[in-house]
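> Need a 3D model of the sequence below.
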Amino acid sequence: MRLLVIEDYPPLRRSLLQGLQEAGFAVDTAADGEEGLAKACGAPYDAIVLDLMLPKLDGLEILETLRRQSSPAGVLILTARDAVADRVRGLNLGADDYLVKPFAFDELLARLHAVIRRRYRSAHGTIRIGDLEIDTLARTVKRSGAAVALSAREYALLEYLAARRGQVVTREEIWDHVYDFASEPASNVVDVYVGYLRRKLERPGQPGLIQTRRGQGYVLDHGQ
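As a prediction, the model looks like this:
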C-alpha cells in the first residue's frame, strides 16, 4: 500500500519514512503543506499521515481540500495538538483517525492498518480467498495451510490485489499503489512481479489465483 507522510520536522519525517518502509509500505514524503497538498492530489494514496502545524499551508486546510475534492485516501492526523476541540474539528473535517505526539510507532502502524482496512471494507486483519490466507497485521501468507515466503514488494503487490479481489486491476493502478515516487518505472516490472507471485503461490494440482485479463490487467480471486 502507498502512503504519503506530510511532516515538516526533518528527523521525524526521516524516522517515519524508514519505519513505514521497513513495515512494507511504499512511502512518499512532503516537508510543507503546499508540497503535501500537491502530492496528495497527484497520486492515489491509500492513506496519508498528516501533521497539522505545517509551513505554507495548515494541515486542516489540506484535509478540508481533500475531502471537498472527494479524495478516498484515508487520513491519520499526527500532531502535537491535543486539545479536544482540535480532535473534534479534525474528525469532523473528515480525518479517519487522530494520534497525538509523542506516540508509539507500533500504535501508529496499528491505526494505519485499521484506516486502510476500513477503506477496503475489510473488518479483520486476515484476508481469505479460497485456500489463500493473508494476515495483514503479521504480514504473512499461507496457501493450503503452508507458509509462503514473499519479499516486501511481492507482499505489497499481493496485498493490493487481495484488497481489490474479484476486480480487474490495471498495471497503472498497481504501479500507483505499490511503488513510490523514488521507484524507477520499467515497462515490465509489474508483469515480472506478478510472475514471481505466481511461482510462489501456485503449485501443480492447485487452481491458479491470479488471472490475466489481456489488454486490461490482473484479477485475484478464487482459483479457477
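
> what does stretch 8-20 contact?
In this structure, residues lying in contact with stretch 8-20 by CB atoms under 8 Å, 6 or more residues apart in numbering are 3, 5, 7, 27, 29, 31-32, 49, 51, 53-55, 105, 109, 112. From N, CA and C alone the C-beta is placed, and that goes for glycine too.

> Identify, from those, the entry nearest to Arg203.
For the contacts of stretch 8-20, the residue nearest Arg203 by CB to CB is Leu109; the value is 32.2 Å.

> So that closest one belongs to a helix, correct?
Yes - using DSSP: H, G, I helix; E, B strand; the rest coil, the assignment for Leu109 is a helix.

> What ranges in the protein fall below the confidence cut-off?
For the chain, the stretches with pLDDT under 70 are 121-124, 180-187, 206-207, 223-224.

> Can you show me the helices along it?
10-22, 33-42, 59-68, 84-92, 105-119, 152-163, 171-178, 189-201 (DSSP state H).

> tell me the phi and psi of Pro44?
Backbone geometry at Pro44, expressed as degrees, to the nearest 10, gives phi -90, psi 80.

> picking up where we left off before, can you pick out the most distant pair from the contacts of stretch 8-20?
Using CB to CB, these span at most 26.8 Å, a distance reached by Pro55 and Leu109.

> which one of the two has more residues nearby?
A side-by-side neighbour count of Pro55 and Leu109, using other CB atoms under 10 Å, places Leu109 first with 15 against 11.

> how does the chain divide into domains?
According to automatic domain parsing, the chain is divided into the following domains: 2-119, 126-220.

> Dump the C-alpha coordinates for stretch 132-149 into PDB.
The C-alpha coordinates for stretch 132-149 follow below in PDB (Å, rounded to 0.1, in the frame of the first residue of the first chain):
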ATOM      1  CA  LEU A 132      -5.100 -18.400   0.400                       C
ATOM      2  CA  GLU A 133      -4.800 -16.600   3.800                       C
ATOM      3  CA  ILE A 134      -3.100 -13.200   4.100                       C
ATOM      4  CA  ASP A 135      -2.500 -11.900   7.700                       C
ATOM      5  CA  THR A 136      -2.200  -8.200   7.100                       C
ATOM      6  CA  LEU A 137      -1.100  -7.500  10.600                       C
ATOM      7  CA  ALA A 138       1.700 -10.100  10.800                       C
ATOM      8  CA  ARG A 139       2.300  -9.700   7.000                       C
ATOM      9  CA  THR A 140       2.400 -13.500   6.500                       C
ATOM     10  CA  VAL A 141       0.800 -15.600   3.700                       C
ATOM     11  CA  LYS A 142      -0.300 -19.200   3.600                       C
ATOM     12  CA  ARG A 143      -1.700 -21.300   0.800                       C
ATOM     13  CA  SER A 144      -3.500 -24.500   1.800                       C
ATOM     14  CA  GLY A 145      -2.100 -24.000   5.300                       C
ATOM     15  CA  ALA A 146       1.600 -23.900   4.100                       C
ATOM     16  CA  ALA A 147       3.600 -20.700   4.700                       C
ATOM     17  CA  VAL A 148       4.700 -18.800   1.600                       C
ATOM     18  CA  ALA A 149       7.800 -16.600   1.900                       C
END
